[in-house]
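Visitor: here is my input, please return the structure:
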Amino acid sequence: MTKLVANSDVKIDKAVRMYVSKVEKEADLSLVDKDITYKKFLSNRMLIVHSIRRGLPYEIYDLIKERTPFNEEDWAQFLGVSLRTLQRNKSKKDFVFDPIPTEKILELAEVTALGKEVFDSKEQFYLWLNTPNFALGNLQPFELLKDSYGKEMVMNELNKIQYGIFV
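Guide: As a prediction, the model looks like this:
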């Protein structure tokens, strides 16, 4: 399992490096070092802004999707498209998501990265996402991920858990 995770890290880090170099060239920027990782990518707000404007290639979405606890139906729902449309996009060579779905993908990547850090596994994180939460008005955190304000509420709750603040 550890070897599989390490291989997954190598794949996404390599894909992110290639993508970031294209974003930098197109925007005439020099934002990052050449050894950027997926984790550093998610924490670089200026790079995220430029990435949203450029759009995210399906290849990177696919690698992000593998790291999340969400299935295809969840992703279709989050992105506001049918499952069939999502599958059709996969078959298109060099498909790039528009800015709005790109932003949603990156938001969910950010939530997942923090959730896995807090809960140590995407399975435990998924369980938490699907359990009604008193601090979130007895809603399941999963339901709140459908929009940006809800995502911020989930991120705040994860940060509180991470730092032991239970209210």
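Visitor: any idea how this structure splits into domains?
Guide: Domain assignment for the chain, taken from automatic domain parsing, gives 1-54, 71-167.
Visitor: closest to Leu63 out of those?
Guide: The closest of the domains of the chain to Leu63 is domain 1-54. By Cβ to Cβ, the value is 4.4 Å. In short, each C-beta sits where N, CA and C put it, glycine included.
Visitor: which one of the domains of the chain has the poorest average confidence?
Guide: When mean pLDDT is averaged over each of those, domain 1-54 scores lowest at a mean of 83.
Visitor: for the residue nearest in space to the middle of the chain, which residues are in contact?
Guide: For the chain, the residue sitting closest to the mean C-alpha position, by Cα atoms, centre = their mean, is Ala109 at 1.2 Å. Shown in contact with Ala109 (Cβ atoms under 8 Å, 6 or more residues apart in numbering): Leu42, Ile64, Arg67, Thr68.
Visitor: secondary structure element holding the first one?
Guide: This points to Leu42. Leu42 is part of helix 38-43, with elements assigned from DSSP states H and E.
Visitor: residues contacting that helix, please?
Guide: So helix 38-43 is in contact with Asp9, Ile12, Asp13, Val16, Val20, Val32, Leu47, Ile48, Leu106, Ala109, Glu110, Ala113, going by Cβ under 8 Å, 6+ apart.
Visitor: which of the residues in whichever helix or strand comes after that helix are buried?
Guide: For helix 38-43, the following helix or strand on the C-terminal side (DSSP H and E) is helix 45-54. Within helix 45-54, the residues scored as buried using 16 or more other Cβ atoms under 10 Å are Leu47, Ile48, His50, Ser51, Ile52, Arg54.
Visitor: those residues into TSV, with extra columns for distance to Thr102?
Guide: Below are those laid out as TSV (distance: Cβ to Cβ, whole Å):
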residue	distance to Thr102
Leu47	13
Ile48	9
His50	11
Ser51	7
Ile52	5
Arg54	8
